[in-house]
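Trainee: Provided below for reference: sequence and predicted model.
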Amino acid sequence: MASLLDWSLIDGAVPAGLTFAGGAAFAVLLADGRRVWWRRTLPLVLLGMLVLGLLIEVLVNQVWRPFADRVPTNTTLWITMIVGSLVLGVFRCLPQRWPARTGIALAVVVLAVCGVADINRYFGQFPTVGALFGSGQRPTTDLSEAAKPAASTVVVPPGKALSEVWQPPADLPAQGTVSEVTIPSSAGFSTRTGRVYLPPAYQATPRPKLPVLVLLAGQPGSPSDWLGPGQLATTMDKYAADNRGLAPIVVVPDHLGSELANPMCLDSKLGAAETYLAKDVPAWVRQNLQAEADPQAWAIGGLSQGGTCALQLAVRAPEVYRNFIDISGQREPSLGTRKDSVNAAFGGDEAAFKRVNPLDILATAKFPKTAGLIVSGNKDGEFRPQQQDVLKACRRAGMQVDWLEIPGPHNWVVWRPALAQAMPWLAQHTGLTPR
């Protein structure tokens, strides 16, 4: 029998039970026999909820636009429902005594919990009860301890893959390490703490020079997203266990600067994000880690806005990243509309934007040495068509690009397994395993 921590928050009994509880709680909030309640109070509250929902849609999704993706209708509805239930609870409590007030307050709390749970179900961020409470999170290891230089490294003959010459020691650890790191910017780009995953093979001597995957979160987001909802360490450990301890070094830098920021991975008025990813992060890796230096062994990947960014860097810095993984990315870097993006980044200079926009570059340039994997959710109605445009543009430009489709929409239900399913492709293209 599965433990409580293994109970799914995405499907099954828990979401179904919460839906039933939410309906019952809402019925409690409506159950008032006063005539004024049905004729005046309830209609006014419902009207206020409608106005709140419209304000969120207009002010957040059309005016402010803090995110690359619009706030989903599901989230808007639940925000209005939670706020509305709080107001209803207040009006219901006013004429009541304390025993009844307690029941009404409990109904408000239950409805709020149901709303948060359904929003989580929509995004798929916490798949189980254990994930919600951080169960299985990898303790961090100081990088100076985890990445101590090895006295010798494995030599791979030309034409061979690393896995063909690698002999793991008997005392190889079963798990890799996760470290929090500060990767400085040479151009004053403000960043938060990044993460580095080092696979079990990195602890061996002689040490294999492993390929590098620079992995980016979406927006809003942070590097910790890949370690929490993304289950990066678990995914990499499983791959390593199936491949005698071998897996890529994974560096998860902060390419945004803050939760709501979106510099679009460009060098512009919004910050030197491109320089950070194309120069500063690779320089930091070379200085602090014993990794394979050949650009063929380097890849950049990401989800949603981070997937768009991976495509951008593959096009703008092919001498650094010969491989890319674009998971649920956009057609181009965006702050809403192209006009909004051009105005924010380049003061309205359309030509400046076109010089750095990947699809405009791919229309005229060739990239025969670049390989890519484009991953899409089969129910992602907004971004799947955009990724199909990206696929066509990449192939016209001579890239070796493959397509991977995973059941699900634009959320962690797709993004979590995307990394695991991309690993064989990545290993072959970065020289970890033979093609």
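Mentor: Sure thing, it's come through.

Trainee: and residue 359, how close does it get to residue 143?
Mentor: Note on residue 359: its distance to residue 143, by C-beta to C-beta, to the nearest Å, is 37 Å. C-beta here means a position set from N, CA and C on the backbone, and glycine is covered the same way.

Trainee: what does residue 368 give?
Mentor: Residue 368 sits at a distance of 36 Å from residue 143 (criterion: C-beta to C-beta).

Trainee: more neighbours: the two, which one.
Mentor: residue 143 (18 against 9; other C-beta atoms under 10 Å).

Trainee: which residues touch the more buried one?
Mentor: Counting by C-beta atoms under 8 Å, 6 or more residues apart in numbering, residue 143 touches 179-181, 196, 288.

Trainee: which of those fall in helices?
Mentor: Counted as lying in helices by DSSP state H, out of the contacts of residue 143, are residue 288.

Trainee: most neighbours, which of the contacts of residue 143?
Mentor: residue 196 (26 neighbours).

Trainee: how about the nearest residue to that one, chain neighbours excluded?
Mentor: residue 179 (4.8 Å; C-beta to C-beta, 6 or more residues apart in numbering).

Trainee: where are the low-confidence patches of the stretch 1-150 of the chain?
Mentor: 1-2, 68, 135-136 (pLDDT under 70).

Trainee: so where do the strands sit in the stretch 251-400 of the chain?
Mentor: 267-268, 271-272, 298-303, 323-327, 371-377, 400-406 (DSSP state E, counting those that start in this stretch).

Trainee: alpha carbons of the last one, in PDB - could you do that?
Mentor: What follows is strand 400-406 as a C-alpha-only set of coordinates in PDB (Å, rounded to 0.1, in the frame of the first residue of the first chain):
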ATOM      1  CA  GLN A 400      20.000  18.100 -37.200                       C
ATOM      2  CA  VAL A 401      16.700  18.500 -35.200                       C
ATOM      3  CA  ASP A 402      14.500  15.800 -33.800                       C
ATOM      4  CA  TRP A 403      10.900  16.100 -32.500                       C
ATOM      5  CA  LEU A 404       9.600  14.500 -29.300                       C
ATOM      6  CA  GLU A 405       6.000  14.700 -28.200                       C
ATOM      7  CA  ILE A 406       4.800  13.900 -24.700                       C
END
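
Trainee: paired strands for that strand, with orientation please.
Mentor: Within its sheet, and counting by DSSP bridges, strand 400-406 is paired with strand 371-377 (parallel).

Trainee: now do the third one
Mentor: Strand 298-303 sits in its sheet next to strand 212-216 (parallel), strand 323-327 (parallel), going by DSSP bridges.

Trainee: so how far is that strand off the chain centroid?
Mentor: 12 Å (C-alpha atoms, centre = their mean, to the nearest Å).

Trainee: could I get the CA-only coordinates of that strand as PDB?
Mentor: Backbone C-alpha positions of strand 298-303 (Å, rounded to 0.1, in the frame of the first residue of the first chain) are rendered in PDB as follows:
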ATOM      1  CA  TRP A 298      28.000  21.100 -24.500                       C
ATOM      2  CA  ALA A 299      24.300  21.500 -24.600                       C
ATOM      3  CA  ILE A 300      21.800  24.100 -23.500                       C
ATOM      4  CA  GLY A 301      18.200  23.300 -22.600                       C
ATOM      5  CA  GLY A 302      15.200  24.800 -20.900                       C
ATOM      6  CA  LEU A 303      11.400  24.800 -20.500                       C
END
